[in-house]
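Novice: sharing a model that was predicted from the sequence below.
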Amino acid sequence: MMETMAVHGPGIITEEEPFTPGHRACSGCGEALSVRLAAKAIGNNAIIVNATGCMEVVASPFPHTSWRIPWIHTLFENTAAVASGAEAGLRALVKKGKRPEKNVKVVALAGDGGTSDIGLQALSGALERGHDLVYICLDNEAYMNTGIQRSSATPFGASTTTSPAGRESLGQVTWKKNLPAIAVAHDIPYVATACPSYHRDLMKKVAKALEVKGPAYIHVLSVCPVGWRCATEDTIKVGRLAVRTGVFPLYEVENGQYKLSLTLTKLEPVDSYLKLQGRFRHLTEDTIKIIQERVNREYAKLVEMASKSSPSG
């Protein structure tokens, strides 16, 4: 299979670590890698607003912290609201002459549960109001921090503690909520998907989002070896397969125009992705066929939207 990246990351990756080593993330944590790469792209001129979740817990055990830049811990459900307040407060201080205009960027971090479920209302409000901030969803496809409970981002067929597979149960019976499409529907300047398995692409998209005037949304697939029941050394491999199978395509939407970040001549079979994860071990060939058909159909829609958005489309 041939693949071509349409978006290339920075030529030189900084050695600075705004998100430092020494945190307490699990071995092979894709989410910690996502945050580390994003933080390198963000730099020091920013305020991080972090929802309750894995990254908040592992990076801020009192009295220690892994953050070298201003950082605010907020609740599961109101990350975007707090980020909106921070952004509005900075603008007000500049307007009143109480601080110089330094273009400090506000970046919100939350998991899929805090984004697609209990945080969706606050996120929608922030996007609708047009706050100048970047929202990054760290999607590990369940509420991992509290015991691997299903979320609306949990994929069809996955077994979790609240959607367990069994004799009479398939596991998760609904399809993953398409949060990037919901963000696009708010008519914001920039939406993108990313995965740390393609690290330069992720960093490039975060850097681009920071330059946007207005709200930007980035949805990052972050492999969780514990919740996904995959080998810790396979984190990067599993992330790459999610992309190459079309389960999690990489793309950007700039002012409503779709652009694929990775051009695939042929999708790899979804079974190559599913078989590496214990959460899908119970799936039958018939169920895998249903998933494959769905992936093919959704990927074809994305390719068509990108084709219509291109100058020659």
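Specialist: Sure, I can see it.
Novice: rest of the way, CA atoms for contacts and neighbours
Specialist: OK.
Novice: what's the longest helix in the chain?
Specialist: Scanning the chain for the longest helix, with DSSP state H as the assignment, gives helix 285-309.
Novice: for that one, what is the distance to the chain centroid?
Specialist: Relative to its parent chain, helix 285-309 has a centroid offset of 20 Å by CA atoms, centre = their mean, to the nearest Å.
Novice: now stretch 181-190
Specialist: That offset, for stretch 181-190, works out to 15 Å (CA atoms, centre = their mean).
Novice: now do stretch 116-125
Specialist: Distance, centroid of stretch 116-125 to centroid of chain: 15 Å (CA atoms, centre = their mean).
Novice: give the buried residues for that stretch.
Specialist: Residues of stretch 116-125 classed as buried: 116-117, 119-120, 122-124 (neighbour count, 16 or more other CA atoms under 10 Å).
Novice: residues of the longest helix of the chain that come out buried?
Specialist: 288, 291-292, 295-296, 299, 302-303, 305-307, 309.
Novice: tell me who's in contact with residue 155.
Specialist: Counting by CA atoms under 8 Å, 6 or more residues apart in numbering, residue 155 touches 141, 172, 174-176.
Novice: give me the pLDDT value at it.
Specialist: At residue 155, the model reports a pLDDT of 98.
Novice: got phi/psi on it?
Specialist: Here is the backbone geometry of residue 155 (degrees, to the nearest 10): phi -70, psi 150.
Novice: for residue 114, what are its contacts?
Specialist: So residue 114 contacts 51-52, 76-77, 79, 120 (CA under 8 Å, 6+ apart).
Novice: start and end of stretch 271-283, how far apart?
Specialist: 10 Å (CA to CA, to the nearest Å).
Novice: how close does the closest residue to residue 67 other than its chain neighbours sit to residue 59?
Specialist: Leaving out its chain neighbours, the residue that sits closest to residue 67 by CA to CA, 6 or more residues apart in numbering is residue 19, at 4.9 Å. Residue 19 is 9 Å from residue 59, where distance means CA to CA.
Novice: give me the common contacts of those two.
Specialist: In contact with both residue 19 and residue 59: 66-67, using CA under 8 Å, 6+ apart.
Novice: show me the contacts for residue 25.
Specialist: Contact analysis of residue 25 by CA under 8 Å, 6+ apart lists 32, 54-55, 58-59.
Novice: quick one, helices of the protein?
Specialist: For the chain, the helices defined by DSSP H occupy 30-42, 54-59, 79-95, 112, 120-129, 179-184, 199-211, 225-228, 235-244, 271-274, 285-309.
Novice: show me which of the contacts of residue 114 has the smallest pLDDT value.
Specialist: Confidence-wise, residue 76 trails the rest of the contacts of residue 114, at 91.
Novice: what is the burial count for residue 311?
Specialist: By the measure other CA atoms under 10 Å, the count of residues near residue 311 is 6.
Novice: re the thing from before, in the buried residues of stretch 116-125, find the pair that's most separated.
Specialist: 117 and 124 (11.5 Å; CA to CA).
Novice: okay, now the unreliable bits of the stretch 201-313 of the chain?
Specialist: Low-confidence segments of the stretch 201-313 of the chain (pLDDT under 70): 312-313.
Novice: go again with 80.
Specialist: Low-confidence segments of the stretch 201-313 of the chain (pLDDT under 80): 311-313.
Novice: need the contact list for the spatially most central residue of the chain.
Specialist: In the chain, the C-alpha nearest the mean C-alpha coordinate belongs to residue 220, at 2.0 Å (CA atoms, centre = their mean). When contacts are counted by CA under 8 Å, 6+ apart, residue 220 touches 34, 136-139, 193-196.
Novice: so which of the residues you listed is the most crowded?
Specialist: Of the contacts of residue 220, with other CA under 10 Å as the count, residue 194 tops at 31 neighbours.
Novice: nearest residue to that residue other than its sequence neighbours?
Specialist: Using CA to CA, 6+ apart and skipping the chain neighbours, the partner closest in space to residue 194 is residue 220 (4.7 Å).
Novice: report the beta-bridge partners for that neighbour.
Specialist: residue 138, residue 194 (DSSP bridges).
Novice: distance-wise, check residue 278 relative to residue 158.
Specialist: Distance from residue 278 to residue 158, by CA to CA: 9 Å.
Novice: please apply the same query to residue 33.
Specialist: 23 Å.
Novice: coming back round to it: for the helices of the chain, give me a markdown table that also has distance to residue 152.
Specialist: Shown next, in a markdown table, are the helices of the chain (distance: least, CA to CA, whole Å):
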| stretch | distance to residue 152 |
| --- | --- |
| helix 30-42 | 18 |
| helix 54-59 | 17 |
| helix 79-95 | 18 |
| helix 112 | 8 |
| helix 120-129 | 11 |
| helix 179-184 | 10 |
| helix 199-211 | 23 |
| helix 225-228 | 15 |
| helix 235-244 | 18 |
| helix 271-274 | 19 |
| helix 285-309 | 17 |
